[in-house]
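Student: Fold the following.
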Amino acid sequence: MKNRFALALVALLPILAACQAKDGSENTTAPATPTTTEAPATTTPETSAASGETAAAEQAAAEAGAQTPAETGAAPAAAAPVGPEPVEGTDYIVLKAGAPFAPATGKIEVAEIFGFVCPACNAFQPLVGPWKAGLPSDVNFVYVPAMFGGTWDTYGKAFYAAQNLGIEEKTHEALYAAIHTNNELKGERGRDTPEDIANFYAKHGVDAKKFLSEMNGFSVNGQTNKAKQFAQRSEITGTPSIVVNGKYLVKGKGFADTLRVADHLIARERAAKAN
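Tutor: Numbers count the residues shown, from 1 in each chain. Here you go, the predicted structure:
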């Protein structure tokens, strides 16, 4: 499968550390400590090189001639996970009070707790996006914005406003690019106002005033509170974080390894459901 091949190729690429709130606001979700011992996320030439190597790996996968389920129109099939079985405490932790974010009958949930302003989440997206697209039909992938206060919360509200208005899927990666590549928005380099963010979404077909109204609405307030509660019971300490079926918080040794461990935990949940 195309995306699995790409993941194997990027396994040795430089990996970036998890993000925490950096704007001086209170971290209302989890202690601001790294989840791994990887190198810090920066915008140094090393980061650019990692992005370039990731793109090269994806191109190599494409040249291998494999077609994704999206390209063939077929539903993804469950593939056997690769590598050794994950070890509790090393590769993942069992959540004491965990529960899925949005339970769906017959589905295994995979949630990514992320932040648009987080450089590590931006670096993770080129891997997690194709991986998400290739997940079997019995897996439900959900994005959950981290609400660390300040700018993080503003962007969390924007995520749900975009979702409610039906444009989140088509703008998800574009918003990362606007912050981390094109510098259209400041992210953690400053403080984007709700108006700044609404103007970004206006470029993608939504009236800015309507978007602002949705951001400040009752529905988004309830959604962001739910996201905070999920992050708290998932015991996250940074972003990006992957939670499988509300039971396991993945602690991979890097981005590619995180997805490899997630594959194993998905398979474990599938086997448990079959029994």
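
Student: Please identify the helix or strand for Ile113.
Tutor: Using DSSP states H and E, Ile113 falls within strand 108-114.

Student: any idea how far Leu185 lies from His204?
Tutor: Separation of Leu185 from His204 (C-beta to C-beta, to the nearest Å) stands at 13 Å. All C-beta atoms are positioned from the backbone trio N, CA, C, and that covers glycine.

Student: ditto for Val82
Tutor: When distance is defined by C-beta to C-beta, Val82 is 37 Å away from His204.

Student: same deal with Leu265?
Tutor: Taking C-beta to C-beta, one finds Leu265 at 34 Å from His204.

Student: Ok, Phe114 next?
Tutor: Distance, Phe114 to His204, by C-beta to C-beta: 19 Å.

Student: neighbour count winner among those two?
Tutor: Phe114 (27 against 14; other C-beta atoms under 10 Å).

Student: which residues in the stretch 1-150 of the chain form helices?
Tutor: With DSSP state H, counting those that start in this stretch as the criterion, the stretch 1-150 of the chain has helices at 2-9, 45-63, 69-72, 119-133.

Student: ok, Glu109 - how many residues close by?
Tutor: Per other C-beta under 10 Å, the neighbour tally for Glu109 reads 21.

Student: isn't Lys107 right up against Phe141?
Tutor: No: the pair Lys107 / Phe141 is not scored as a contact, 9.7 Å apart, by C-beta atoms under 8 Å.

Student: excluding its backbone neighbours, what's nearest Lys132?
Tutor: Phe141 (4.7 Å; C-beta to C-beta, 6 or more residues apart in numbering).

Student: can you check Thr258 too?
Tutor: Nearest in space to Thr258, with sequence neighbours left out and distances taken as C-beta to C-beta, 6+ apart, is Gly252 at 3.1 Å.

Student: so who does Val244 touch?
Tutor: Tyr92, Ile108, Glu109, Val110, Val250, Ala262, Leu265, Ile266, Glu269 (C-beta atoms under 8 Å, 6 or more residues apart in numbering).

Student: State the pLDDT value of the residue nearest to Lys132.
Tutor: In the prediction, the pLDDT value recorded for Phe141 is 98.

Student: need the helices for the stretch 151-275 of the chain, in chain order.
Tutor: Applying DSSP H, counting those that start in this stretch to the stretch 151-275 of the chain gives helices spanning 151-164, 168-180, 194-202, 208-215, 218-233, 255-274.

Student: Give me the buried positions along stretch 231-247.
Tutor: 231, 233-247 (16 or more other C-beta atoms under 10 Å).

Student: Return the item of the residues you listed having minimum pLDDT.
Tutor: Thr237 (91).

Student: ok, it touching Ala18?
Tutor: Yes: if you go by C-beta under 8 Å, Thr237 and Ala18 touch, sitting 7.3 Å apart.

Student: how near is the residue nearest to His204 when sequence neighbours are not counted to Tyr201?
Tutor: Spatial nearest neighbour of His204, excluding adjacent residues (C-beta to C-beta, 6+ apart): Thr171 at 5.1 Å. Distance, Thr171 to Tyr201, by C-beta to C-beta: 7 Å.

Student: Now list whatever residues contact both of those two.
Tutor: By C-beta under 8 Å, 6+ apart, Thr171 and Tyr201 have these common neighbours: Ala162.

Student: ok, the two, which is more surrounded?
Tutor: Tyr201 (25 against 21).

Student: where does the protein have low pLDDT?
Tutor: For the chain, residues meeting the criterion pLDDT under 70 lie at 1-17, 20-77.

Student: Give me the most central residue, it.
Tutor: Glu112 (4.0 Å; C-alpha atoms, centre = their mean).

Student: Contacts only, for that one.
Tutor: By C-beta under 8 Å, 6+ apart, the contact set of Glu112 is Phe124, Val128, Phe141, Val142, Tyr143, Val144, Pro240, Ser241, Ile242.
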